[in-house]
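Chemist: What shape does this take:
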Amino acid sequence: MNNEIDLHGRRTAWLCARLCKLFDMPEHQILDVALAALTHDIGKHALPVEILNKPAALTPEERRAVERHCLLGAKRLLQDAAQDSHESTTAPVAVALSHHEWWNGQGYPFGLAGVSIPRFARVVAVADVFDALMSARPYKLAWSLEETVAYIADRRDTQFDPECVEAMLLVARALPQDWRTAGENCALYLPAGAGPARDSRQPT
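Modeler: Below is the predicted model of the structure:
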């Protein structure tokens, strides 16, 4: 599972770069978002493997443990940052901490809502779930593109920033067949002219 955490980060970064391109972000910001996406789940490396690989629904206690990965990830990134530098307030910290906040305030860990959620985290959130749904996990099969797009679209204005949903739908329509492999193997996440029976457990 640890290897999949890192591969998931790469694919999410690849998707985020394409989302940001649609927002006309300058290239340095696109790279900032992509690099933040790479480590958004870094806190999961501190979780017990038996929880991450559990093929059944999590208990409430296990769910609380998984939700701690946001705080654990931000703490690790802060501990690894150089002292008294811009790294202590860098995008990866904000994204690790905030990528499970919901647009309607029903997310975690702080219940932030709307534009109170850092914009970079709002972008990563939709790409994170897109890739998680389309990936096989111990507790679920991979979803189809059609199922995933429908899920994302249905959560506009609730889980996700509506602007990010619109961008994700555009990116999804233009995905190449080998996008997962491309994301996992891509060393630089700036897009080159890029445009625009299941388990009940939700991806985390």
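Chemist: low pLDDT regions in this protein?
Modeler: Applying pLDDT under 70 to the chain flags residues 1-2, 82-89, 187-204.
Chemist: How far away from the center of its chain is the top helix by length along the chain?
Modeler: Of all the segments assigned as helix in the chain under DSSP state H, the longest by residue count is helix 2-22. Centroid separation for helix 2-22 versus its chain: 7 Å, with C-alpha atoms, centre = their mean, to the nearest Å.
Chemist: do stretch 15-29 as well
Modeler: Centre-to-centre, stretch 15-29 and its host chain are 15 Å apart (C-alpha atoms, centre = their mean).
Chemist: residues of it that come out buried?
Modeler: Across stretch 15-29, burial judged by 16 or more other C-beta atoms under 10 Å covers 15-22, 25. (Glycine included, C-beta is placed from N, CA and C.)
Chemist: so after the longest helix of the chain, what's the next helix or strand?
Modeler: helix 27-38 (DSSP states H and E).
Chemist: Pull up the gap between residue 27 and residue 7, please.
Modeler: Separation of residue 27 from residue 7 (C-beta to C-beta, to the nearest Å) stands at 24 Å.
Chemist: Hmm, I typed the wrong one, I wanted residue 40.
Modeler: Taking C-beta to C-beta, one finds residue 40 at 13 Å from residue 7.
Chemist: Looking at the two, which has the bigger crowd around it?
Modeler: Set residue 40 next to residue 7 and count neighbours by other C-beta atoms under 10 Å: residue 40 wins out with 30 against 16.
Chemist: The more buried one contacts residue 6, correct?
Modeler: No. Look at residue 40 against residue 6 with C-beta atoms under 8 Å: they stay out of range, at 11.2 Å.
Chemist: so how far is the helix or strand containing residue 152 from its chain's centroid?
Modeler: According to DSSP H and E, residue 152 maps onto helix 145-154. How far helix 145-154 lies from its chain's middle: 16 Å, per C-alpha atoms, centre = their mean.
Chemist: buried stuff in it?
Modeler: Buried positions in helix 145-154, judged by neighbour count with 16+ other C-beta under 10 Å: 148-149, 151-152.
Chemist: Ok, stretch 66-74 next?
Modeler: Using 16+ other C-beta under 10 Å as the test for burial, stretch 66-74 gives 66-70, 72-74.
Chemist: What about residue 63, how many residues nearby?
Modeler: Residue 63, neighbours per other C-beta under 10 Å, totals 15.
Chemist: what does residue 117 give?
Modeler: Per other C-beta under 10 Å, the neighbour tally for residue 117 reads 22.
Chemist: Likewise for the one 5 residues further on?
Modeler: Residues near residue 122, counting by other C-beta under 10 Å, number 23.
Chemist: Secondary structure element for it, which one?
Modeler: Element membership for residue 122, per DSSP H and E: helix 119-133.
Chemist: tilt between that helix and helix 2-22?
Modeler: On the basis of axes from the mean of the first three to the mean of the last three C-alpha atoms, to 10 degrees, helix 119-133 is oriented at 130 degrees to helix 2-22.
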